[in-house]
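In: Whatever this is, show me its structure:
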Amino acid sequence: MNPPCARCKKIVYPTEKVNCLDKFWHKACFQCEICKMTLNMKNYKGYDKKPYCNAHYPKSTFTAVADTPENLRLKKQSKLQSQVQYKEDFEKNKGKGFSAVANTPELERIKKNQELVSNIKYHEEFEKSKGTSAAGGERRNSHDTPKYRPEPEMHRGFQPQAPSQQEPQPQVYTPPPSTPSAPPPSSGKRFRAVYDYAAADDDEVSFQDGDLIVDVQQIDEGWMYGTVERTGDTGMLPANYVEAV
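Out: Next comes the predicted model:
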């Protein structure tokens, strides 16, 4: 027995039968529920066992859930549980250090700016310390030669008396200026280069493997200050490129 059409309720014969969406349709009755456009098995979309075209296919939307007392209670309980879990994890991980932060472009920019600022600050402090050490050396040199003041001869049994106003004051003996002597040998530390190094900044020095570096002063664990004996250049150099002689 031939089944009826799902739209017009008339008998559907095999030559014009369309079997779709668990129903039988005439080819001409297989239409969109909204615009009545004739559909086929390739361009139809089924919703609630009814055919629709692509333009009028019903869109599923989400419904907002009202804040009922039960929902509010569950929300508050979930928040409390999350806080308890956070405190437990915090107590477990306390003292183990901070977790690694992903290197985002913003963090990379901030990190680069901090490195530039630290380098500028380091060079400023180094220039100040170098100027202070040079000024201190000049002040020390100006007081290297003390004035000679001869002591009065003390004989046994002689009692010194306070000079009267009529007695002349003793003259201060000033020795004649002596000829300048040769500068003393350098007392700084001596190091030998074990690698080649090319200066990366104006206040650094370049050297080659085997060069002798004199008058070396330790700045910190990573840098020194000295003079390359082969070239006569003075500046900063990395400490891990040299070894003590």
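In: can we go C-alpha only for contacts and neighbour counts from here?
Out: OK.
In: Give the next helix or strand downstream of the lowest-mean-pLDDT helix or strand in the chain.
Out: Of all helical and strand segments in the chain, the minimum by mean pLDDT, DSSP states H and E falls on helix 105-142, at a mean of 72. As assigned by DSSP states H and E, the chain's next helix or strand after helix 105-142 is strand 189-193.
In: Sort out which residues of that following strand are buried, please.
Out: Across strand 189-193, burial judged by 16 or more other CA atoms under 10 Å covers Arg190, Phe191, Arg192, Ala193.
In: what are the bridge partners for the nearest residue to the first one once chain neighbours are set aside, then?
Out: The reference is to Arg190. Once flanking residues are discounted, Arg190 sits nearest to Val214: 4.6 Å by CA to CA, 6 or more residues apart in numbering. In this structure, Val214 bridges to Thr227 when assessed by DSSP bridges.
In: what does the domain assignment say about the chain?
Out: Structural domains assigned to the chain are 1-59, 189-244, following automatic domain parsing.
In: out of the ones you listed, nearest to Gln83?
Out: Closest to Gln83 of these, according to CA to CA: domain 1-59, at 38.7 Å.
In: Phi, psi for Asn240 please.
Out: Per-residue torsions, Asn240: phi -80, psi 10 (degrees, to the nearest 10).
In: tell me the contacts of it?
Out: Gly222 (CA atoms under 8 Å, 6 or more residues apart in numbering).
In: ok, 10 Å please
Out: Neighbour list for Asn240: Ala193, Val194, Tyr195, Glu221, Gly222, Trp223, Met224 [criterion: CA atoms under 10 Å, 6 or more residues apart in numbering].
In: Quick check: Lys10 vs Asp22, distance?
Out: Using CA to CA, to the nearest Å, we find Lys10 at a distance of 17 Å from Asp22.
In: ok, of the contacts of Asn240, which one's closest to Gly232?
Out: For those, the nearest to Gly232 is Ala193 (14.6 Å; CA to CA).
In: Check Asp22 and give its pLDDT.
Out: As predicted, Asp22 sits at a pLDDT of 88.
In: for it, what are its contacts?
Out: Ala6, Lys49, Lys50.
In: and the residues you listed, which are buried?
Out: If we count by 16+ other CA under 10 Å, the contacts of Asp22 have these buried: Ala6, Lys50.
In: Would you convert the contacts of Asp22 into JSON lines that also reports distance to Ala28 and pLDDT?
Out: Output for the contacts of Asp22, formatted as JSON lines (distance: CA to CA, whole Å; pLDDT from 0 to 100):
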{"residue": "Ala6", "distance to Ala28": "12", "pLDDT": "90"}
{"residue": "Lys49", "distance to Ala28": "18", "pLDDT": "88"}
{"residue": "Lys50", "distance to Ala28": "15", "pLDDT": "91"}
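In: I'd like the contacts of Asp22 laid out as JSON lines, including secondary structure.
Out: Below are the contacts of Asp22 laid out as JSON lines (DSSP: H, G, I helix; E, B strand; the rest coil):
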{"residue": "Ala6", "secondary structure": "coil"}
{"residue": "Lys49", "secondary structure": "coil"}
{"residue": "Lys50", "secondary structure": "strand"}
